[in-house]
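Q: predicted model and sequence below, questions to follow.
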Number of protein chains: 2
Amino acid sequence: MERVFGVMSRFLSNATNRVDAKGRVSVPAGFRSALSERGVQELYCLQDFIFPAISVGGPDLLDRYERQIASVDPFSPEANRMSLLVHGGGVFMRLDAEGRLMVTDFIRDFTGISSEVTFVGRSDHFQLWQPQAFSEAQAAARQGRMSSRPA
Amino acid sequence: MERVFGVMSRFLSNATNRVDAKGRVSVPAGFRSALSERGVQELYCLQDFIFPAISVGGPDLLDRYERQIASVDPFSPEANRMSLLVHGGGVFMRLDAEGRLMVTDFIRDFTGISSEVTFVGRSDHFQLWQPQAFSEAQAAARQGRMSSRPA
DNA sequence: TGGGACCATATGGGCGTCAATGGGAACGAC
DNA sequence: GTCGTTCCCATTGACGCCCATATGGTCCCA
């Protein structure tokens, strides 16, 4: 059975927040309400396969990847390789009472994030980016796939 | 009968800890609680089939590998090789009162681990890696064919 | 329509608890 | 005896939980 969400429960747009002295950062309120609309409490965070970004979503995000792994021989090199990324590159986190998350070394090392985090909506999940890396990737994406766009 | 575990009892993410002067290393708290949730006390350690890593889990881990061996032609070079690794390369270990394990020569020789250990979650078990070997293997896996989006 | 009360969000920081780590001492094998 | 292992305790630094403040916006009402 497929659950249907309202428009507001989708993750849209982007925002940049500061990391405080204790290494915490506030998740934008819009993303937090989207999470609670989806009943998500445990956050699954995964190192993106292509970009230097962390994808954040509910446990269903992990489920989707695990189904993909399960579709091949569990002892095959392919399954081993995918598990290395999905399980070894993923982690569960929770927000504190104020809706903040810890920017751990796990996140810093992979994204290059230091003092600021750009939150980027991806419809069914969102991502954590180093601000400059995001604007560059976004600019590159415009060049690449949307070059036929009129000036 | 299949036992179902909560989200938190899975082995996820990776963390690097130091080996002390006595050759001990702390198992990350999250992995320890996953072990106790599964009622695992005796740890079974064996060499990964593909990567220079040691897999660690409960006795059920051995069961799964033995079933895998049994599923292929027992006289094939493949079964011979797997048995050599599983039966000849497996060992039982226990954690001390503080949740640390000894980094034996068995582990050092196969993984190249010396002063630091990277613990890598693999959902139903976890692995011990030499830190640099892990980041290289993960980067290589990312270069592979896995689609950036699950099916 | 301007002013002000009110509210939500983002941010800062205190403090207790626990994990990671280090090292001493007892114990056992050889 | 010596070496290696196990048990126990100490330290410290990180993290979770709590409350306080700032900032910007919205709403209401005179």
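A: Noted; the coordinates are in hand. Treat the numbers as computed from the prediction; the structure is a model and nothing was measured.
Q: show me the shaky parts of chain A.
A: For chain A, residues meeting the criterion pLDDT under 70 lie at A:1-8, A:145-151.
Q: flag every residue of it that's near chain B.
A: Contact residues, chain A versus chain B (CB under 8 Å from any CB of the partner chain): A:42, A:48-50, A:59, A:64-68, A:71, A:75, A:77, A:80-85, A:87-92, A:106. Every C-beta, even on glycine, is put in place using the N, C-alpha and C of the backbone.
Q: show the buried residues in those residues.
A: Neighbour-count burial (16 or more other CB atoms under 10 Å in any protein chain shown) applied to the residues of chain A next to chain B gives A:48-49, A:59, A:65-66, A:68, A:75, A:80-85, A:87-92, A:106.
Q: count of neighbours near the residue nearest to residue A:13 when sequence neighbours are not counted?
A: Leaving aside its sequence neighbours, residue A:13 sits nearest to residue A:121 (CB to CB, 6 or more residues apart in numbering or on different chains; 5.4 Å). By other CB atoms under 10 Å in any protein chain shown, the residues close to residue A:121 number 18.
Q: what's opposite residue A:121 in the beta bridge?
A: Bridge pairing for residue A:121 (DSSP bridges) gives the partners residue A:126.
Q: do you know how far it is from DNA strand C?
A: Counting by CB to the nearest atom of the strand, to the nearest Å, the gap from residue A:121 to DNA strand C is 13 Å.
Q: wouldn't that residue be in contact with residue A:10 here?
A: Yes - in this structure, residue A:121 is within contact of residue A:10 by CB atoms under 8 Å, at 7.2 Å.
Q: got the buried residues for the helix or strand that contains residue A:117?
A: Using DSSP states H and E, residue A:117 maps to strand A:116-121. Buried residues in strand A:116-121, defined by neighbour count with 16+ other CB under 10 Å: A:117, A:118, A:119, A:120, A:121.
Q: does residue A:87 touch residue B:12 like I think?
A: Yes - if you go by CB under 8 Å, residue A:87 and residue B:12 touch, sitting 5.7 Å apart.
Q: overlap in contacts, these two.
A: Residues touching both residue A:87 and residue B:12 (CB atoms under 8 Å, 6 or more residues apart in numbering or on different chains) are B:121, B:123.
Q: list the residues that contact the residue nearest to residue A:13.
A: For residue A:121, the contact set (CB under 8 Å, 6+ apart) comprises A:10, A:11, A:12, A:13, A:14, A:31.
Q: is the residue most central in space within chain A within a helix or a strand, and which one?
A: Nearest to the mean C-alpha position of chain A, by CA atoms, centre = their mean, lies residue A:55 at 1.6 Å. Following DSSP H and E, one finds residue A:55 within strand A:54-57.
Q: nothing else from me, thank you.
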